[in-house]
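*Asks:* Curious how this folds, go ahead:
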Amino acid sequence: MTRKAIFLTAVIAVLVVSTVNAETIAIINGNIVVGNGTVIENGTLLIEDGLIKAVGANVEVPDGATLIDAGGMRVLPGFIDPCTTVGMVEVRAAQMTDDTNEATLTATPHMRAGDAINPDSSVIPVTRNAGITTVLVVPGNSNPINGQAAVINLCGRTVDEMLLADGVAQVFNLTQRAQRRDSYPSTRMGVFAFVRQTLYDARSYAEQSAKPASSEDEEGQSGEERKQPRKRDLAMEALIPVLKGDVPVIAEARTIQEIRAALAIAKEFNLRMILLNSAHAYKMLDEIKQSGYPVLLGTTFSVPGDTEPYDCYYSLAAKIHEAGIPFAFTTGSAHSVRNLAEHASMAVAYGLPPAAALEALTIRPAEILGIADKVGTLEPGKIANVAIFDGCPLQIKSKVVRLIINGKDIPLVSRQEMLRDKFEDIEK
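*Replies:* Here you go, the predicted structure:
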């Protein structure tokens, strides 16, 4: 085959693939909750090339489009969990299937969750079936400094196909979980001091790296030593974007001491910060509001302490909302991400407005993670991540009946359904 023939064959192959992926889908007769405050009754959502093309009550549907009749059911943006370990852990009790928590070092800012995500994880279909289309995957939380998080859409044969944004945040943990039993840091004081020292080390590394080689002190060095290039420190380099404010820090801080330490460290180093699981936020709403930092709330079902009101965590989302603090719900897990909407449901039962609860599952996490230009609402130009519910998504009985991710109609099948179907004819 000549070089020209090979080239033409390749072009034809690309065109064929493009045609296959360029499916046009029209969701008609839907109660469309756009996510920006607009609700369109009996509306149409048009999807082309994986993106939302148009949404409205009078959208023209092109010939040949695949029609999905929503039959008056609710059509919403896919839910987003902004802190998970989906794809990083399969069976928590089996260490070989758990790629979270590089525990051999105390600071692992150079660890990247995107390097370890398993696109074939059985957890992914279960998560999708709950209407969740996008998650932030973190590299664990057992260290004071854990590494870089990645945002993925839950559809794709490879991580590259799933990846929406890489290195979107650096994950810190200021809680007791980050303490070491027999080594430093073994106390809250130690954890706070360790994080600050590491950030100062990273600042010094950045300053030294910015100097030209000839300006370094070469006194006492041999000719060969002066010729050696500087050794790269990936851990320190991973923290430079954090110090510059280009990458935010997701800082887990539960108690008053931890939250105050997080706010103080952020101020000291001028960090962009996102608070995670701030259970005692109801005790210091003014300080958090003044900081301007958003909260990822995964403590709705936490057990209150002996001296705390029984509903202090059920009502926490409502209190944060009333204080005007941006927040989103999260599960912080792998296998329990499917229960994300239940956090919002409980919060609504304890005072959170339903509209705010849905926002905390869609547009708010997208804004907090810096991906609101891609996902979070059903607006033209955004990625077509769509969930159709047969009832109110905040009601536990409601189910997802159709799911679209990246403009693809996703089968709602998981290992659980397959096992159920396999053995359903066995006599009891």
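
*Asks:* Poorly predicted segments of the stretch 101-250 of the chain, please.
*Replies:* Across the stretch 101-250 of the chain, residues meeting the criterion (pLDDT under 70) sit at 213-229.

*Asks:* which residues in it form strands?
*Replies:* Using DSSP state E, counting those that start in this stretch, the strands of the stretch 101-250 of the chain run over residues 132-137, 145-153, 163-173, 249-252.

*Asks:* elements contacting the last one?
*Replies:* The reference is to strand 249-252. Applying 3 or more Cβ pairs under 8 Å, 6 or more residues apart in numbering; DSSP states H and E, we find strand 249-252 packed against strand 163-173, helix 256-269, strand 273-276. For the C-beta atoms, the positions are set from N, CA and C on the backbone; glycine is no exception.

*Asks:* Output the host helix or strand of Ser345 as PDB, nothing but the C-alphas.
*Replies:* Element membership of Ser345, judged by DSSP states H and E, is helix 340-349. The C-alpha coordinates for helix 340-349 follow below in PDB (Å, rounded to 0.1, in the frame of the first residue of the first chain):
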ATOM      1  CA  LEU A 340     -25.100  11.200  47.800                       C
ATOM      2  CA  ALA A 341     -28.700  12.400  47.200                       C
ATOM      3  CA  GLU A 342     -29.700  11.100  50.600                       C
ATOM      4  CA  HIS A 343     -27.500  13.700  52.300                       C
ATOM      5  CA  ALA A 344     -29.400  16.300  50.500                       C
ATOM      6  CA  SER A 345     -32.800  14.700  51.300                       C
ATOM      7  CA  MET A 346     -32.000  14.600  55.100                       C
ATOM      8  CA  ALA A 347     -30.800  18.300  54.900                       C
ATOM      9  CA  VAL A 348     -34.100  19.300  53.300                       C
ATOM     10  CA  ALA A 349     -36.000  17.500  56.100                       C
END
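
*Asks:* helix or strand right after that helix?
*Replies:* helix 354-359.

*Asks:* Any buried residues in that following helix, and which?
*Replies:* For helix 354-359, burial by neighbour count (16 or more other Cβ atoms under 10 Å) applies to Ala356, Ala357, Leu358, Glu359.

*Asks:* With distance to Thr175 added, can I get those in JSON lines?
*Replies:* Below are the buried residues of helix 354-359 laid out as JSON lines (distance: Cβ to Cβ, whole Å):
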{"residue": "Ala356", "distance to Thr175": "27"}
{"residue": "Ala357", "distance to Thr175": "26"}
{"residue": "Leu358", "distance to Thr175": "29"}
{"residue": "Glu359", "distance to Thr175": "27"}
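
*Asks:* All the helices of the stretch 151-300 of the chain, in order from the start?
*Replies:* Under the criterion DSSP state H, counting those that start in this stretch, the stretch 151-300 of the chain carries helices at the ranges 159-162, 188-210, 223-227, 234-244, 256-269, 285-291.
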